[in-house]
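# Prediction below, plus the sequence it came from.
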Amino acid sequence: AGAEILSTEDINEYTFSASLSYEVDLKRLADYVESVPRVEVLSLGHALEIVKDLGDAKTVGSSYHLDDYFGSHGIGHVRMATESDVDISNAHPYWAYPFSDVAVVHNGQLTNYHQWRRRLEAAGHRFASDCDSEIIAVYLAERMARGDSLEDAMRRSLEELDGVFTYICVSEDALGMAKDELAAKPLVLYEGDDMVALASEEIAIRAVIDREIETYDPYESQVMVWTR
């Protein structure tokens with residue numbers, strides 16, 4: 001596939017990470033790796049590493065040694081499945097396959113999911129799950145592959161994706177959020193001089209910030225992007 005494995009690290013009995021040197025595009029490389037039976041690529045890129053599994057945040061964090069991770073920004077999601085199976089493939093975050101270093105977490109429902117899935121599959125994209133949240137990640141990948149910036153792709157998503165939803169996405173150097181025109185799905189935001197924090201409930205933000213803060217709820221059809 002035009003790639004060389006430089007090193008590997010076993011995470012647990014069914015997950016490992018690898019450092020690669022490659023000369024082919026990411027889609028071709030990911031497709032080749034996933035041609036191996038019972039193997040799925042969760043993320044591929046230079047800066048992004050996706051961890052997802054079954055269990056609560058404490059269990060997954062301990063299993064994958066998340067306390068040892070260092071970085072400037074990240075997203076997480078604890079999900080109760082409502083419209084898809086309970087397994088790792090249907091867990092968030094979703095990598096924007098095959099676009100490097102872009103991932104999404106999402107709260108809500110997309111009513112034109114099947115329409116967009118057919119369109120994106122016809123364009124050559126593949127899906128690892130039956131969850132509508134993955135549409136957002138792959139949609140952003142498609143738009144960015146056409147030359148859109150992350151923010152432009154997010155703004156366009158509010159015009160073309162129907163439903164009630166809020167989502168957060170990350171790239172190598174940015175963190176962004178988007179709300180649909182109804183803004184029915186909650187998102188609480190804190191912006192400070194030293195950090196930006198977003199969560200579905202304010203209590204989650206206050207659990208990690210040990211001082212008095214002011215938070216607010218972004219408006220309908222709002223897109224916000226922060227870069228480092």
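Sure thing, it's come through.

# So which residues make contact with the strand ranked longest in the chain?
Counting residues, the longest strand found in the chain (DSSP state E) is strand 3-12. Strand 3-12 has contacts (CB atoms under 8 Å, 6 or more residues apart in numbering) with 16-24, 29, 32, 63-65. For every residue, glycine as well, the C-beta is placed using N, CA and C.

# Does residue 166 touch residue 181 like I think?
No: contact between residue 166 and residue 181 fails when scored by CB atoms under 8 Å: they sit 11.5 Å apart.

# So between these two, which is more surrounded?
Taking other CB atoms under 10 Å, residue 166 and residue 181 do not tie; residue 166 has more neighbours (21 against 12).

# Grab the nearest non-local neighbour of that one.
Of all residues not flanking residue 166 in the chain, residue 185 sits nearest, at 4.0 Å (CB to CB, 6 or more residues apart in numbering).

# In this protein, what residue spans correspond to strands?
Counting by DSSP E, the strands of the chain are 3-12, 15-22, 94-95, 103-110, 163-170, 174-179, 188-191, 196-199, 223-227.

# would JSON lines of those strands with mean pLDDT be doable?
Putting the strands of the chain into JSON lines (pLDDT from 0 to 100) gives the following:
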{"stretch": "strand 3-12", "mean pLDDT": "84"}
{"stretch": "strand 15-22", "mean pLDDT": "83"}
{"stretch": "strand 94-95", "mean pLDDT": "86"}
{"stretch": "strand 103-110", "mean pLDDT": "93"}
{"stretch": "strand 163-170", "mean pLDDT": "95"}
{"stretch": "strand 174-179", "mean pLDDT": "95"}
{"stretch": "strand 188-191", "mean pLDDT": "95"}
{"stretch": "strand 196-199", "mean pLDDT": "95"}
{"stretch": "strand 223-227", "mean pLDDT": "95"}
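
# what's the closest of those strands to residue 46?
strand 15-22 (10.6 Å; CB to CB).

# Identify the residues contacting the closest one?
Contacts for strand 15-22 (CB under 8 Å, 6+ apart): 1-11, 29, 49, 53, 64.

# could you flag which of these are buried?
For those, a burial check counting by 16 or more other CB atoms under 10 Å picks out 29, 53, 64.

# Could you point out which of those residues is nearest to residue 127?
Within the buried ones among the contacts of strand 15-22, the smallest distance to residue 127 is 17.8 Å, found for residue 29 (CB to CB).

# Contacts only, for that closest one.
Taking CB under 8 Å, 6+ apart, one finds 1-3, 20, 22, 44 in contact with residue 29.

# Quick check: the farthest pair among those residues?
Most distant of these, by CB to CB, are 2 and 44, 14.0 Å apart.

# can you tell me which helix in this structure is longest?
helix 133-145 (DSSP state H).

# Now it: average pLDDT?
Mean per-residue pLDDT for helix 133-145: 90.

# Now do the same contact list for the closest residue to residue 220 other than its chain neighbours.
In this structure, residue 220 finds its nearest non-sequential neighbour in residue 183, 3.6 Å apart by CB to CB, 6+ apart. Residues counted as contacts of residue 183 (CB under 8 Å, 6+ apart) are 166, 217-222.

# can you tell me how far residue 183 sits from residue 158?
As judged by CB to CB, to the nearest Å, residue 183 and residue 158 stand 11 Å apart.

# okay, and the common contacts of those two?
Both residue 183 and residue 158 are in contact with residue 221, where contact means CB under 8 Å, 6+ apart.

# Can I get the strands of the chain in JSON lines including distance to residue 144?
Below are those laid out as JSON lines (distance: least, CB to CB, whole Å):
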{"stretch": "strand 3-12", "distance to residue 144": "23"}
{"stretch": "strand 15-22", "distance to residue 144": "20"}
{"stretch": "strand 94-95", "distance to residue 144": "13"}
{"stretch": "strand 103-110", "distance to residue 144": "12"}
{"stretch": "strand 163-170", "distance to residue 144": "11"}
{"stretch": "strand 174-179", "distance to residue 144": "12"}
{"stretch": "strand 188-191", "distance to residue 144": "24"}
{"stretch": "strand 196-199", "distance to residue 144": "21"}
{"stretch": "strand 223-227", "distance to residue 144": "13"}
